[in-house]
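Engineer: Curious how this folds, go ahead:
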Amino acid sequence: MATTNTTTLGVRGFHCSGCADNVGKALLRLDGVIKVAADFDAEQVQVRYDPDRVTEDALRDQIRAAGFEPA
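Structural biologist: This next block holds a predicted model:
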């Protein structure tokens, strides 16, 4: 079974729960991302991923590509 990591990243720029949903969907498009829980109120996302297929830097880049700033 593959090893998975879980990380919590802050996200600046959430204005509503739709923003959190958009970031979550963007992250799930990355190969190796298994699960995303985006929290609008806390301005953060928790991501479970396969570190052999995706890096934390790639997660941050995807957040930026979705129009938000990782904190």
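Engineer: biggest helix in the protein by residues?
Structural biologist: For the chain, the helix that runs over the most residues, judged by DSSP state H, is helix 17-28.
Engineer: Quick check: buried residues in that helix?
Structural biologist: By neighbour count on 16 or more other Cβ atoms under 10 Å, the buried set for helix 17-28 is Cys19, Ala20, Asn22, Val23, Gly24, Ala26, Leu27. In short, each C-beta sits where N, CA and C put it, glycine included.
Engineer: Give the rounded mean pLDDT of that helix.
Structural biologist: For helix 17-28, the per-residue pLDDT values average out at 95.
Engineer: contact partners of that helix?
Structural biologist: Applying Cβ atoms under 8 Å, 6 or more residues apart in numbering, the external contacts of helix 17-28 come out as 11, 13-14, 33, 36-40, 45, 47, 59, 62-63, 65-68.
Engineer: Flag the shaky bits of the chain, pLDDT-wise.
Structural biologist: In the predicted model, the chain carries pLDDT under 70 at residues 1.
Engineer: Among the contacts of helix 17-28, which lie within helices?
Structural biologist: Leu59, Gln62, Ile63, Ala65.
Engineer: re earlier: any chance of a markdown table for the buried residues of helix 17-28, columns distance to Asn5?
Structural biologist: Formatted as a markdown table, the entries for these read as follows, by distance: Cβ to Cβ, whole Å:
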| residue | distance to Asn5 |
| --- | --- |
| Cys19 | 24 |
| Ala20 | 21 |
| Asn22 | 23 |
| Val23 | 18 |
| Gly24 | 17 |
| Ala26 | 19 |
| Leu27 | 14 |
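Engineer: which of those residues lies closest to Ala2?
Structural biologist: Minimum separation from Ala2 among the buried residues of helix 17-28 (Cβ to Cβ) is found for Leu27, which lies at 17.9 Å.
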